[in-house]
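Asks: after the sequence you'll find the predicted model.
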Amino acid sequence: MTPLQPGATLGVLGGGQLGRMWSHAAQALGFRTAVLDPDAHSPAGLVSHVHVCADYLDPEALAQMASQCQAITTEFENVPAEALRQLGLTLPCAPGDQPVSVAQDRAREKAHFVQCGVPVAPHQVLHTEADLDSVPAHLLPGILKTTRLGYDGKGQVRVASLAELPAAWASLQSAGPTVCILEKRLPLAAECSVVLARGFDGQMVHAPLQVNLHRDGILAVTEVFENALPAQTEQQALQAAFEVARGLNYVGVLCVEFFVLQAGPERDALGPLVVNEIAPRPHNSGHHSIDSCDVSQFELQVRCMAGWPLVTPRLHSASVMLNLLGDLWFANGAPSSEPPWAQVLALPGVHLHLYGKTQARRGRKMGHLTVTAATPSVARRVALQAAAVLGIAAW
Ligand code: ADP
Ligand code: MG
């Protein structure tokens, strides 16, 4: 691909916070940005040169994106892959519709991991109620997940025993027949993720390994510093992430999420890794890179799309990222009061990012903050102070 020049317009499908931070990065490099999102107040639409406010499959909207943009990406994995396929007929897309359609379907995603030879949780795909009879007992206790449209822990139910499976299945079928996947619930010692970028020429770089804490299925805290996990675990994660990306002939930024299993009875003893899932885009666990690395995940996405050189981000600061969910606006039971930003901004190394969403709702990602520091212990101490000020539970 001939590298694009500044002044070209880069397009994104989806107008959420990822698109907003991507747009900031693209504009810093001199590009114009265009967003396709049906929401008139989308966070990315508000900061882009062009906002095509329409459905993702609206033919006129797609024609408008195709005529105004020189390359396309997505920031939301549930944008119909068909929209990317159509745009891909005339424009470079990073990522393309094929890998996105794999990431949109947990069954295809798992099959891809298996094909790449990377370890996954024991699982079984369930197409119809009759399939429930063939589920082996060793998959329980498990988690039943819809294969499509799940995110932030939505579209999944914990299932303690075979006897509970029919009710769990029925609860996920309430909005219409849905293929599901039952995964064995694994004893996790930790969770981690790798953000990588792969260019049109196949060159790959990766951001530092991220250690993630989820609460209620939603990412709550990400910690990033050297040697946060043993070197062997890190190597396994990087190798697996690269395999997964290569196998998809992936172009763009990809996040690969892992479970680190418990090695034995002790909760913190680290055992082997299994791949959980991929996100075909920058990822919440990579937000720290804006403030802690010399190249952010969003700049990498821009560089991929533009055919510009990829460089390995250098972590210059230990960092801890806290997600700021809408729940914080309801502290002390008071509806919609603004959290005490001045108090957290008075702490050293705090970088506050708010996404411009006007309506706070419980569980809604309103922003994040990253604490950077010279050492992991200082980053963690300040992050715990910020969490205490905001009413986020310590970890
Ligand atoms: P989502 O697409 O909503 O992020 P995930 O499959 O990543 O869904 O599940 C969300 C979280 O639930 C994971 O980060 C992990 O904490 C927990 N979880 C999911 N699957 C398993 C499993 N098989 N064993 C143990 N914990 C799991
Ligand atoms: Mg996940």
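Replies: Happy to help now that I have it. Residues are numbered from 1 along each chain as shown. Ligands and ions are numbered 1, 2, ... in the order given.

Asks: for this structure, what lies in contact range of ligand 1?
Replies: 121, 143, 150-153, 183, 185-186, 188, 191, 214, 217, 276-277 (C-beta under 6 Å from any ligand atom). Every C-beta, even on glycine, is put in place using the N, C-alpha and C of the backbone.

Asks: what's the closest of these to residue 357?
Replies: Checking those against residue 357 by C-beta to C-beta gives residue 152 as the nearest, at 14.9 Å.

Asks: with adjacent residues omitted, what lies nearest to that closest one?
Replies: residue 218 (4.7 Å; C-beta to C-beta, 6 or more residues apart in numbering).

Asks: the one you found: how many residues sit nearby?
Replies: Neighbourhood size, residue 218 [other C-beta atoms under 10 Å]: 16.

Asks: can you name the residues that contact it?
Replies: By C-beta atoms under 8 Å, 6 or more residues apart in numbering, residue 218 lies in contact with 152-153, 323, 325, 363, 365.

Asks: next, format those as CSV and append pLDDT.
Replies: Below are the contacts of residue 218 laid out as CSV (pLDDT from 0 to 100):
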residue, pLDDT
152, 76
153, 74
323, 98
325, 97
363, 93
365, 96
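
Asks: between these, which has the most around it?
Replies: Going by other C-beta under 10 Å, residue 325 tops those with 24 neighbours.

Asks: now do the contacts for that one.
Replies: Per C-beta under 8 Å, 6+ apart, neighbours of residue 325: 218, 362-366.

Asks: try 6 Å
Replies: Counting by C-beta atoms under 6 Å, 6 or more residues apart in numbering, residue 325 makes contact with residue 363.

Asks: and it, bridged to which residues?
Replies: Residues in a beta bridge with residue 325, per DSSP bridges, are residue 365.

Asks: that one and ligand 1, how far apart?
Replies: Separation of residue 325 from ligand 1 (C-beta to the nearest ligand atom, to the nearest Å): 14 Å.

Asks: tell me which of the contacts of residue 218 is nearest to residue 12?
Replies: residue 365 (17.3 Å).

Asks: gap between the closest one and ligand 1?
Replies: Taking C-beta to the nearest ligand atom, one finds residue 365 at 12 Å from ligand 1.

Asks: residue 34 looks like it's in a helix, true?
Replies: No: counting by DSSP: H, G, I helix; E, B strand; the rest coil, residue 34 is not part of a helix but strand.

Asks: start at 526, not 1
Replies: Right, with 526 as the first residue, what we last looked at is residue 559.

Asks: where does the spatially closest residue to it that is not a sequence neighbour land on pLDDT?
Replies: For residue 559, ignoring the flanking residues on the chain, the nearest one in space by C-beta to C-beta, 6+ apart is residue 575 at 3.8 Å. We have a pLDDT of 98 for residue 575.

Asks: phi, psi for residue 575 please.
Replies: The phi/psi pair for residue 575 (degrees, to the nearest 10) reads phi -130, psi 130.

Asks: now do residue 602, the pLDDT please.
Replies: 75.

Asks: where does this protein have low pLDDT?
Replies: For the chain, the stretches flagged by pLDDT under 70 are 857, 859-861.

Asks: which residue lies nearest the spatial centre of it?
Replies: residue 808 (3.1 Å; C-alpha atoms, centre = their mean).

Asks: list the contacts for that residue?
Replies: Contacts of residue 808 by C-beta under 6 Å, 6+ apart are 720, 780.

Asks: quick check: buried residues in stretch 813-832?
Replies: Across stretch 813-832, burial judged by 16 or more other C-beta atoms under 10 Å covers 813-818, 820-832.

Asks: typo on my end, it should be stretch 895-907
Replies: Across stretch 895-907, burial judged by 16+ other C-beta under 10 Å covers 895-898, 901, 903-905, 907.

Asks: and the end-to-end length of that stretch?
Replies: Stretch 895-907 has an end-to-end distance of 10 Å (C-alpha to C-alpha, to the nearest Å).

Asks: contacts for it, please.
Replies: By C-beta under 6 Å, 6+ apart, stretch 895-907 touches 750, 813, 816-817, 842-846, 872, 874-876, 908.

Asks: check stretch 750-767 too.
Replies: Looking at what lies outside stretch 750-767 - C-beta under 6 Å, 6+ apart - the contacts are 643, 719, 721, 729, 734, 736, 781, 783, 798, 800, 843, 901.

Asks: among the residues you listed, which are located in helices?
Replies: residue 901 (DSSP state H).

Asks: out of the contacts of stretch 750-767, who's nearest ligand 1?
Replies: residue 783 (9.7 Å; C-beta to the nearest ligand atom).

Asks: I'd assumed residue 715 was in contact with that closest one.
Replies: No: counting by C-beta atoms under 6 Å, residue 783 sits too far from residue 715 to count as a contact (8.8 Å).

Asks: between those two, which one's more packed in?
Replies: Between residue 783 and residue 715, residue 783 has the larger neighbour count (other C-beta under 10 Å), namely 27 against 20.

Asks: and that one, what does it touch?
Replies: 717, 762, 798, 800.

Asks: cool, residue 546 as well?
Replies: Residue 546 touches residue 823, counting by C-beta under 6 Å, 6+ apart.

Asks: need the max-distance pair from the contacts of stretch 895-907.
Replies: That would be 750 and 872, which, of the contacts of stretch 895-907, are the farthest apart (C-beta to C-beta) at 18.0 Å.
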